[in-house]
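Visitor: Fold the following and give me the result.
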Amino acid sequence: MIRLENVNKYFNRYQKNEIHVINNTTLTLEKTGLVALIGPSGCGKTTLLNAIGGLDKVNKGNIYVNGKRITKRNAGYIDKVRSLNVGYIFQNYYLLDNKTVFENVAIALRTIGIKNKKEIKKRVEYVLDTLGMYRYRNRLASMLSGGQRQRVGIARAIVKNPNIIIADEPTGNLDSRNTIEIMNIIKSIAKNRLVILVTHENELAKFYADRILELEDGVITKDYKNKHNDTMDYRIENEFYLKDFKFKTDFENKDNKIRIYNDKQNDIKLTIVVKNNNIYIKGGKNDKLEIVDDESNIKFIDDHYKKIDKSMYEKYEFNFENIIDKNIKLKYSSILNIFSLIFNGFKKILDYSIIKKLLLLGFLAAGCFITYSTCNIFGLKNIKDEYFVTKNPNYYDIKINKIDSKKYLEMEKIDSVDYLLPGDTQISFGLNFPYYYQTTIATGTITGSLTANDQIKEEDIILGKMPSDKYEIVVDTKALNKILELSIVKHVGIKNKEDLLNIKCKIRNMQDFTIVGITDLQSPSIYADKDILINILYGNNKDYYDNIIFKNEEQLPFKDLSLEEIKLKQGKIPDNDYEVMVNYKQKGEFPLNKNIDEKIGNKKLKVVGYYEIDNNDKYYYVTKNTLKLKVIDNAKDISIMPKNETVVQELNEQGYNIISNYKVSKDLYTKSQSKNVKAGLIASGIVLVISFIEIYLMIRASFLSRIKEIGIYRAIGVKKIDIYKMFYGEIFALTTIACVPGWLFVLYALNSLKVISYFERNYLVNPITALVSLVIIYVFNLVIGLLPVHRVVRQTPAQILARKDID
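Guide: As a prediction, the model looks like this:
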């Protein structure tokens, strides 16, 4: 049963050429009978039929199919209702030409969940036999005549035993004989179900229909029960009723009998030759000859013409009740098997032309760049402390252009401060390799963040021991890694961290240090005695190296009195800040108890004594605190090792801008990496866009070649999701064959190159990145590949079938 309530539909709505194609139509159609929609071309017959059958949308109103509303519903729901309740017969047949007659009919059963092969065979063969098409069941649809194709279309419509049949101009492309046969079949179907027929042949409608609706300009102008004529004067063009011919001539003798029927008197000139049981006929110059035999469409009937009566359609009977398995629960079901789709996808790719196969190189590049970009992005986002930490992460910094020594000394006394160091704590210990003659002049450095050794414990030592002497140091693995990469280090036999234990290293102006322990705290630190941290910083200071390298005689290096044994010659040993003791040999240059030009800050140093030494060393011997003031004077920033986190609040309250060195370094590194990510994405994006355009065009070409098939599937009730599945297989195969090799190649290459620091920092190769990149490849290709499909499938079935690119 069909019910329409105030249904309206427009073409080109709100435009100048707007057409009100269904105009406020309210209608009820009963459960059985043949209802014919007639009217002039363009009156809205087919549009109304499509709306009733769920093939097209309306703008307003409601349509109910067997009590289920199909307006203002999603397409999936409408398709479900259509599949289970409505069968379709089309003017253009819409068969799948590459499938057999049997398969074309069986498709309708699979859409309603009938998968049992025996049940399918039983139903299909029954309807084909009833329609006289059984012997063609294994023939391809493309090999059938028009009348045969329409019979298959009818079989497809009725095989699922729907209670509603939609027939749109089913005889529009048929000759008169097939027209009558098809109409007889449709009339017989309407005995126990509702058939809605659109036809432009009013004579047929008035003979076969039980109810007639006449339309004009989208409005039903007449709706009436048809008073059947018992007969219909409908002459079949290819049936010749011999007794109705006006002129008849017989030529007969003992051996030959020739009879001529003619509708008018004219001269006939024929030459007939019989030879070897073959008949040869030659007509006049303007005569057209056609042989009529058992295979011909022309039929000679030795009788007078008789009008068509009811007996012609009453011979067809469809008794499904005795055929179908009533225990089968009908429900919408996909007609497509994902595995067969994938198999067919691979087969289709292998059948590509040479040019298309060459285009697959673009997909190979896409696979490479997606994998490359994914590993790069993950690598840039995979920020490890070792990538940016150059300083012990426990330090806080005060950024300042010039350090006030007085405030520095005051900060040292704050309870939450463990100790302060001027500068950034970066130091370099020198290494010599006098093991072989060839390496006597070779040098190396161990660079790290100077840290007091009381910041580590015995359990932190992974190799060696804790320091027991001022000149013993512990070095973290992160500070050792770079020197272990030097070829000279490998040449002298140092291959691993253990080989660096007990090796001597140098800081200028001090005794040699010995590496006695190694930690692995992920901190590039060099741990030394807290009492000599300032001395180490000064020995590492740039002005000291300038003095040694460039032999600057006017600026002498400072030395800490507490670390040296010196012999006083005259005066006293310095015990106050800014007091200095110089070589006795320089007493003429530096008078006792006089200020000299050398300054720390803005204050000149005062000579208070002379020391005696055998060589010509020219050091300034000062107190430890004076040396600290010298280091402070040369530094810009202050590094703070806190006892607890309150140091931040305390120093901020005093007006200092204290920051976490670790946080700042990480933020800067992250910002830098973000720029790299952006640059990488832009470069990769350009290549990917090109690749995606390529896959879009390839799938679009494949889709357009199958658009008729898509339209047919949608028209008979196949859901949109199943149409997408049809292309899943091809896209999956395309991606697997062309993109996956590129994915594997890039993963292998990056994994092999990660031993190089640059690749190790910027690219991450692990199961997660491999899986993510693979998913991206398949998903992106799937999304891009399905775009052309979506552009068409989003249309209604009626819109798809109305496309000009459908045969």
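
Visitor: per-domain residue ranges of the protein.
Guide: As given by automatic domain parsing, the domain ranges for the chain are 2-232, 239-306, 338-384+666-801, 424-540, 542-634.

Visitor: Identify the residues contacting L668.
Guide: By Cβ atoms under 8 Å, 6 or more residues apart in numbering, L668 lies in contact with F388. Heads up, the C-betas are built off the backbone N, CA and C, glycines and all.

Visitor: Equivalent analysis for Y620, please.
Guide: 556-559, 580-582, 598, 605.

Visitor: Can you tell me which of these lies closest to I236?
Guide: Nearest to I236 among the contacts of Y620, counting by Cβ to Cβ, is P557 at 123.9 Å.

Visitor: So that closest one versus I777, what's the distance?
Guide: 63 Å (Cβ to Cβ, to the nearest Å).

Visitor: Look at these two and report which has more neighbours.
Guide: I777 (24 against 21; other Cβ atoms under 10 Å).

Visitor: Low-confidence bits of the stretch 51-200 of the chain, can you list those?
Guide: For the stretch 51-200 of the chain, no stretch is flagged by pLDDT under 70.

Visitor: how about the helices in it?
Guide: Here the stretch 51-200 of the chain has its helices, by DSSP state H, counting those that start in this stretch, at 75-85, 101-111, 117-130, 146-158, 176-189.

Visitor: Let me have those helices in a markdown table, extended by distance to K506 and mean neighbour count.
Guide: What follows is the helices of the stretch 51-200 of the chain, written out as a markdown table (distance: least, Cβ to Cβ, whole Å; neighbours: other Cβ atoms under 10 Å):
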| stretch | distance to K506 | mean neighbour count |
| --- | --- | --- |
| helix 75-85 | 80 | 21 |
| helix 101-111 | 86 | 24 |
| helix 117-130 | 89 | 17 |
| helix 146-158 | 94 | 24 |
| helix 176-189 | 105 | 21 |
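
Visitor: what element comes up after the helix or strand of the chain with the lowest mean pLDDT heading to the C-terminus?
Guide: Taking mean pLDDT, DSSP states H and E as the measure, the chain has helix 542-550 as its least confident helix or strand, at a mean of 43. Per DSSP states H and E, helix 542-550 leads on to strand 558-560 as the next helix or strand towards the C-terminus.

Visitor: Now do that next one, average pLDDT.
Guide: Across strand 558-560, the average pLDDT comes to 88.

Visitor: ditto for stretch 337-345
Guide: 80.

Visitor: Just the CA trace of it, in PDB.
Guide: In PDB, the C-alpha atoms belonging to stretch 337-345 read as follows (Å, rounded to 0.1, in the frame of the first residue of the first chain):
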ATOM      1  CA  ASN A 337      32.000 -10.100  -0.600                       C
ATOM      2  CA  ILE A 338      35.000  -8.200   0.600                       C
ATOM      3  CA  PHE A 339      37.500 -11.000  -0.300                       C
ATOM      4  CA  SER A 340      36.300 -11.300  -3.800                       C
ATOM      5  CA  LEU A 341      36.400  -7.600  -4.200                       C
ATOM      6  CA  ILE A 342      40.000  -7.500  -3.200                       C
ATOM      7  CA  PHE A 343      40.800 -10.400  -5.500                       C
ATOM      8  CA  ASN A 344      39.100  -8.600  -8.400                       C
ATOM      9  CA  GLY A 345      40.900  -5.400  -7.400                       C
END
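
Visitor: Can you tell me what sits against that stretch?
Guide: Taking Cβ under 8 Å, 6+ apart as the rule, stretch 337-345 contacts 725-726, 728-734.

Visitor: try 6 Å this time
Guide: Here stretch 337-345 makes contact (Cβ atoms under 6 Å, 6 or more residues apart in numbering) with 729-730, 732-733.

Visitor: ok, back up a step: same list, the domains of the chain, but as JSON lines with distance to K402 please.
Guide: Formatted as JSON lines, those follow (distance: least, Cβ to Cβ, whole Å):
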{"stretch": "domain 2-232", "distance to K402": "73"}
{"stretch": "domain 239-306", "distance to K402": "110"}
{"stretch": "domain 338-384+666-801", "distance to K402": "23"}
{"stretch": "domain 424-540", "distance to K402": "15"}
{"stretch": "domain 542-634", "distance to K402": "9"}
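
Visitor: for those, which one sits closest to L330?
Guide: domain 2-232 (4.7 Å).
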